[in-house]
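Enquirer: Take a look and give me a structure for this.
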Amino acid sequence: MSNPSPSSSRIAEILRAGQPDETVAVCGWVRTKRELKKFAFVEINDGSSMANLQVVLDPELPSYTDLLKQIQTGASVEIVGQLVESPAKGQRLEMKASNVTVVGESDGETYPLQKKRHSFEFLRTIAHLRSRTNTLGAVFRVRNAASNAIHEFFQERGFMWVHTPILTASDCEGAGEMLGVTSLDLANLPKTDKGAIDYGQDFFGKPAYLTVSGQLEAEVMAMAFSNVYTFGPTFRAENSNTSRHLAEFWMVEPEMAFCDLVGDMDLAEAFLKYIFSAVLEQCPEDMEFFNKRIDDTVLDRARNIIDSGFERVTYTKAIEILEKADRKFEYPVEWGTDLQSEHERYLAEEFFKKPTVVYDYPIGIKAFYMRANDDGKTVAAMDVLAPGIGEIIGGSQREERLDDLTKRIEAQGLDVADYWWYLDLRRYGSVPHAGFGLGFERLVQFLTGMGNIRDVIPFPRAPLSIDF
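Expert: Numbers count the residues shown, from 1 in each chain. Model (predicted):
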């Protein structure tokens, strides 16, 4: 056989709608093989569903003995056969094979995914194969469904998907945790007369970085198209070896012209409800698996997101609640400090017991682009806190006033000249506008209950980790 049959069916569709006596072809990978005296069972999976298709191999098949030697765990096969009612519990149909072709053999003895429990730490060392496991297969099906739902949500509302640059010269967050990009010879760096690196000889003629956010460019596009969103990779040089941080992750960032903070909060709530509803509808078996095997609160949390009206509370009120809490936090709470994960989770999980939006944060702990409130002490910023994880969305109304924005840039020690184009948006037809950012992996982690964020992205990038 030179090429697999183009008419092969997906296993998910066969299990859902296949009928006895129907002849089908399937292509997939061998999960298990059991040899009995009179026949053999082979479990095939093609990634389309959690469930495998059980295939019965009869000794009457051509070269039956040699075929069984070839069919090892991990091998790829194409099988043509007839669907029959299955006598086994838990499955409606199985296939009786009439023709079996081994497309790619596998050394069953050295194949890393043996029929036993593997730790997620071990599976990260074989990221090229781990997607064939039940758990990671379910994760990436949920990730796909959530990705698709994100586009559907915004497209249905007339938003334009804009592709913002990966390479940038500006630090959107002002945090300085950026990964540098250079074409200079690191073993022979050019220097200026003062001994500094001469970036004038670099590819772009100035320092360049991998983006931490597409927000500033999304604001540019919103000033022409009103409602836009980005969905793409972003990068942080945080040296954090935690279960919540990645060096490369995907961000969803809508930006809306003629919109204030209330409109921003409304959109964020509708957005999360839409995504969770779509995933529960499209991946019911996978979500049941997570609820049973990974975290038995996954389905309740998802329904809480869908069914609850999100609580909205000012930062000042949230601090008062935390100060009166009958518990000792690891990080002390006082007005002017940023909320830590333990504070966020207390508010969402224990006090309000539902998704909570905290807004109007102190001006001193937020980015330069957030609009200053009339009190002079706070900015029109908001965070959506979800039970079980803490902050899942961060957003704000943007500062549309030229003088105020210029002062904020200067106050944070940034070079105003670097943001000339961003300031131009305030010179030529400025409007109130707002947006938010959602770390996509945090969302998938929340949906699935997976304990480590490195297990919800196919190829995780973290400090000292850039394999595959």
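Enquirer: where exactly do the helices run in the stretch 1-150 of the chain?
Expert: Under the criterion DSSP state H, counting those that start in this stretch, the stretch 1-150 of the chain contains helices at 11-17, 64-70, 120-124, 134-156.
Enquirer: Just name the most buried of these.
Expert: Mean neighbour count (mean count of other Cβ atoms under 10 Å) peaks for helix 134-156 among the helices of the stretch 1-150 of the chain, with a mean of 19. (C-beta placed from N, C-alpha, C; glycine too.)
Enquirer: May I see the buried residues of stretch 337-351?
Expert: Of the residues in stretch 337-351, Leu339, Gln340, His343, Glu344, Arg345, Tyr346, Leu347, Ala348, Glu349, Phe351 count as buried by neighbour count, 16 or more other Cβ atoms under 10 Å.
Enquirer: Output the residues you listed in TSV; the columns should cover secondary structure.
Expert: Formatted as TSV, the buried residues of stretch 337-351 follow (DSSP: H, G, I helix; E, B strand; the rest coil):
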residue	secondary structure
Leu339	coil
Gln340	coil
His343	helix
Glu344	helix
Arg345	helix
Tyr346	helix
Leu347	helix
Ala348	helix
Glu349	helix
Phe351	helix
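Enquirer: Could you work out the most separated pair of those residues?
Expert: Gln340 and Phe351 (15.1 Å; Cβ to Cβ).
Enquirer: What is the burial count for Ala97?
Expert: Using other Cβ atoms under 10 Å, Ala97 has 21 other residues around it.
Enquirer: try the one 3 residues further on
Expert: By the other Cβ under 10 Å criterion, the neighbourhood of Val100 contains 21 residues.
Enquirer: Equivalent analysis for Glu281, please.
Expert: Counted with other Cβ under 10 Å, Glu281 comes out at 11.
Enquirer: Quick one: classify it as helix, strand or coil.
Expert: For Glu281, the assignment made with three-state DSSP gives helix.
Enquirer: Roughly how far does it sit from Lys324?
Expert: 40 Å (Cβ to Cβ, to the nearest Å).
Enquirer: re the thing from before, between the helices of the stretch 1-150 of the chain, which one is closest to Glu219.
Expert: helix 134-156 (16.1 Å).
Enquirer: And the helix or strand following that closest one, what does it pack against?
Expert: Moving toward the C-terminus from helix 134-156, the next helix or strand (DSSP states H and E) is strand 160-161. Helices and strands touching strand 160-161, by 3 or more Cβ pairs under 8 Å, 6 or more residues apart in numbering; DSSP states H and E, are helix 134-156, strand 227-235.
Enquirer: What's the first helix or strand after strand 160-161?
Expert: Note on strand 160-161: by DSSP H and E, the next helix or strand toward the C-terminus is strand 167-168.
Enquirer: Tell me which residues are up against that following strand.
Expert: Contacts with strand 167-168, where a contact means Cβ atoms under 8 Å, 6 or more residues apart in numbering, come from Val181, Phe204, Ala208, Tyr209, Leu210, Thr211.
Enquirer: and the nearest residue to the third one once chain neighbours are set aside, what is it in contact with?
Expert: Sequence neighbours aside, Val181 is the residue nearest to Ala208 in space, at 4.7 Å (criterion: Cβ to Cβ, 6 or more residues apart in numbering). Listed by Cβ under 8 Å, 6+ apart, the contact partners of Val181 are Leu167, Ala208, Tyr209, Leu210.
Enquirer: Farthest-apart pair in those residues, please.
Expert: Among the contacts of Val181, Ala208 and Leu210 lie farthest apart (Cβ to Cβ), at 8.6 Å.
Enquirer: Filter the contacts of Val181 down to just the buried residues.
Expert: Ala208, Tyr209, Leu210.
Enquirer: I'd guessed the last one sits against Pro165; true?
Expert: No - between Leu210 and Pro165 there is no contact, the gap being 9.9 Å when judged by Cβ atoms under 8 Å.
Enquirer: Could you export the helices of the stretch 1-150 of the chain as TSV, including mean pLDDT and distance to Phe225?
Expert: Below are these laid out as TSV (pLDDT from 0 to 100; distance: least, Cβ to Cβ, whole Å):
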stretch	mean pLDDT	distance to Phe225
helix 11-17	95	37
helix 64-70	94	56
helix 120-124	96	40
helix 134-156	98	12
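Enquirer: Quick one: closest of the ones you listed to Gly108.
Expert: Comparing those by Cβ to Cβ, helix 64-70 comes nearest, at 9.8 Å.
Enquirer: Report the distance from the closest one to the chain centre.
Expert: Averaging C-alpha positions (Cα atoms, centre = their mean, to the nearest Å) puts helix 64-70 42 Å from its chain's average.
Enquirer: Contacts for that helix next, please.
Expert: By Cβ under 8 Å, 6+ apart, helix 64-70 touches Lys33, Glu35, Ala40, Leu57, Asp58, Leu61, Val100, Val102, Glu105.
Enquirer: again with stretch 391-398
Expert: By Cβ under 8 Å, 6+ apart, stretch 391-398 touches 219, 259-261, 264-265, 268, 271-272, 339, 341, 344, 366-367, 369-371, 379-386, 432-439, 442-443, 446.
Enquirer: what do you get for stretch 98-118?
Expert: Contacts to stretch 98-118, defined as Cβ under 8 Å, 6+ apart, come from residues 1, 4, 23, 27, 30, 32, 57, 61, 67, 70-82, 126, 129-130, 132-133.
Enquirer: can you do 7 Å?
Expert: Here stretch 98-118 makes contact (Cβ atoms under 7 Å, 6 or more residues apart in numbering) with 1, 4, 32, 57, 61, 67, 70-82, 126, 129, 132-133.
Enquirer: which non-adjacent residue is nearest Lys314?
Expert: Just so we're on the same page, residue 314 is Thr rather than Lys. Nearest to Thr314 is Asp360, by Cβ to Cβ, 6+ apart, at 4.8 Å.
Enquirer: Please state the backbone phi and psi of the closest residue in space to Pro460 that isn't next to it in sequence?
Expert: By the measure of Cβ to Cβ, 6+ apart, the closest residue to Pro460 outside its immediate chain neighbours is Arg454, 3.8 Å from it. Per-residue torsions, Arg454: phi -70, psi -10 (degrees, to the nearest 10).
Enquirer: So which of the contacts of stretch 391-398 are in strands?
Expert: 379-386, 433-439 (DSSP state E).
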